[in-house]
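below are the sequence and a predicted model; questions follow.
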Amino acid sequence: MLNIEIHKTNTPQKKPDENNLGFGQFFTDHMFVMDYSSKLGWHNASIIPYSPLSFEPSIMVFHYGQAVFEGLKAYRTNDDRILLFRPEKNMERLNVSCRRLCIPEIDVEFAVEVIKTLVNLDRDWVPKKEGTSLYIRPFIIATDPYLGVKPSDTYKFIIILSPVGAYYPEGMNPVKIYVEPKYTRAAKGGVGFTKTSGNYASSLIAQVEAKKKGYTQVLWLDCIEKRYIEEVGTMNVFFKINNQVITPPLEGTILPGITRDSVIQLLKSWNIPIVERKISIEEIYESNTKGQLEEAFGTGTAAVISPIGELNWNDKKMIINGGNSGALSLKLYEALTGIQYGKLPDPFSWTKEVK
Ligand SMILES: *Cc1c(COP(=O)(O)O)cnc(C)c1O
């Protein structure tokens, strides 16, 4: 195990108003940084005051996007304990992304220890208000000052923390989703299964165009036939048709969400039929026409469950469950947030306490 050097700030900041946190706008007093070089491996693990970093304009991440990241949260319980939700899964997935992007991996146990140490130091920053949390953003960037295209020899692993507001301050709101007919998120053999920066840069244009048409996000279809459902925005997607829940399989083009996996495990434990299989947009459309499409929802760390009230596929509009949140979406939301905030028993041992 590496030692973590800790340099505490002398000038703690004023905490933001918990009623107006939004997402990713405020940062805590400290951050974690660690360097990699081919000679030394990962070294210089330290927690330092949150501050700007300085880099040469030539560093490789600025030019070729060799970067990976993760996103998870710390939750405050009613009795002021701080819980993480399946943090080892995020760190395992970070390593999956690292392997694909030719970035050196990080020991999972060590990385979880680092997160616990950092969150514990800034534990007063975990907000108290209902539905709020502390978002944790670990990321790795390529830092060689070099303009040739090759894997970098040096990297920086950084973790920053951001107190975030409740995703649903006024209760669950279903979203309107545009089925993207033109742009593609990922192809087989590509990087769709990784959290790498380029995936998000390339998806912006579809999001911008959907917003102009009055939609919150896009539903991505497969890149070859433009038929099979992939994901919705930066969430995995589930459909409930005729009492069966269906979600697209993990075949390299979609992100293996930890919320997705947790939803599948919960459904199985409730004996609700859940299948991972290819599902086409025609099938969704036909089920909706026949009145068999009962619910659709996205899953991800930020929203947990995001019910879909409308899908627009080439101007054919599908209104799902009358445009309202469905019973299963609500049940899953209550179950997951109940475990995350320590309000319900944790039968899967998903939470890890920070202390
Ligand atoms: C992060 C992410 C998800 C959701 O993953 P969770 O682990 O559930 O937060 C889904 N799709 C994409 C593209 C993502 O980046």
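Cool, got the structure.

ok, the residue of the chain most remote from its centre to the ligand distance?
Going by C-alpha atoms, centre = their mean, the residue of the chain most distant from its centre is residue 290, 33.6 Å out. Separation of residue 290 from the ligand (C-beta to the nearest ligand atom, to the nearest Å): 29 Å. The way it works is simple: take the backbone N, C-alpha and C, and place the C-beta from them, glycine included.

how about the residues of the chain by the ligand?
71, 195, 231, 234-236, 255, 257-260, 299-301 (C-beta under 6 Å from any ligand atom).

rewinding a little: need the pLDDT of the residue farthest from the centre of the chain.
According to the prediction, residue 290 has pLDDT 97.

list the contacts of it.
Listed by C-beta atoms under 8 Å, 6 or more residues apart in numbering, the contact set of residue 290 is empty.

before we move on, the earlier item: which of the residues of the chain next to the ligand are buried?
Buried by 16 or more other C-beta atoms under 10 Å: 71, 195, 231, 234-236, 255, 257-260, 299-301, out of those.

same list, those, but as a markdown table with pLDDT and secondary structure please.
Formatted as a markdown table, those follow (pLDDT from 0 to 100; DSSP: H, G, I helix; E, B strand; the rest coil):
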| residue | pLDDT | secondary structure |
| --- | --- | --- |
| 71 | 98 | coil |
| 195 | 98 | coil |
| 231 | 97 | strand |
| 234 | 94 | coil |
| 235 | 97 | strand |
| 236 | 98 | strand |
| 255 | 98 | coil |
| 257 | 98 | coil |
| 258 | 98 | helix |
| 259 | 98 | helix |
| 260 | 98 | helix |
| 299 | 98 | strand |
| 300 | 97 | strand |
| 301 | 97 | coil |
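
out of those, flag the one nearest to residue 19.
residue 301 (21.8 Å; C-beta to C-beta).

nearest to the ligand: which residue in the stretch 51-200 of the chain?
Going by C-beta to the nearest ligand atom, the ligand is nearest to residue 195 of the stretch 51-200 of the chain, at 5.2 Å.

now the element after the helix or strand where residue 329 lies, going C-ward?
Using DSSP states H and E, the element containing residue 329 is helix 327-340. Downstream of helix 327-340, the first helix or strand assigned by DSSP H and E is strand 351-354.

quick check, distance from that following strand to the centre of its chain.
Centroid separation for strand 351-354 versus its chain: 19 Å, with C-alpha atoms, centre = their mean, to the nearest Å.

likewise stretch 4-14?
27 Å.

those helices in the stretch 101-250 of the chain, which residues are they?
108-121, 197-212 (DSSP state H, counting those that start in this stretch).

hmm, back to that, need the residues of the chain next to the ligand in CSV with distance to residue 284, can you?
Output for these, formatted as CSV (distance: C-beta to C-beta, whole Å):
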residue, distance to residue 284
71, 28
195, 26
231, 14
234, 20
235, 16
236, 15
255, 20
257, 19
258, 25
259, 21
260, 18
299, 17
300, 20
301, 25
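
and the closest residue in space to residue 95 that isn't next to it in sequence, its phi and psi?
Among residues not flanking residue 95 along the chain, residue 105 sits closest, at 4.4 Å (C-beta to C-beta, 6 or more residues apart in numbering). Here is the backbone geometry of residue 105 (degrees, to the nearest 10): phi -80, psi 160.

mind telling me what element residue 88 is part of?
Using DSSP H and E, the secondary-structure element containing residue 88 is helix 87-100.

and the gap between the residue lying closest to residue 332 once chain neighbours are set aside and residue 59?
Nearest residue to residue 332 in three dimensions, chain neighbours excluded: residue 305, at 5.2 Å (C-beta to C-beta, 6+ apart). Here the criterion is C-beta to C-beta, to the nearest Å. By it, residue 305 lies 39 Å from residue 59.
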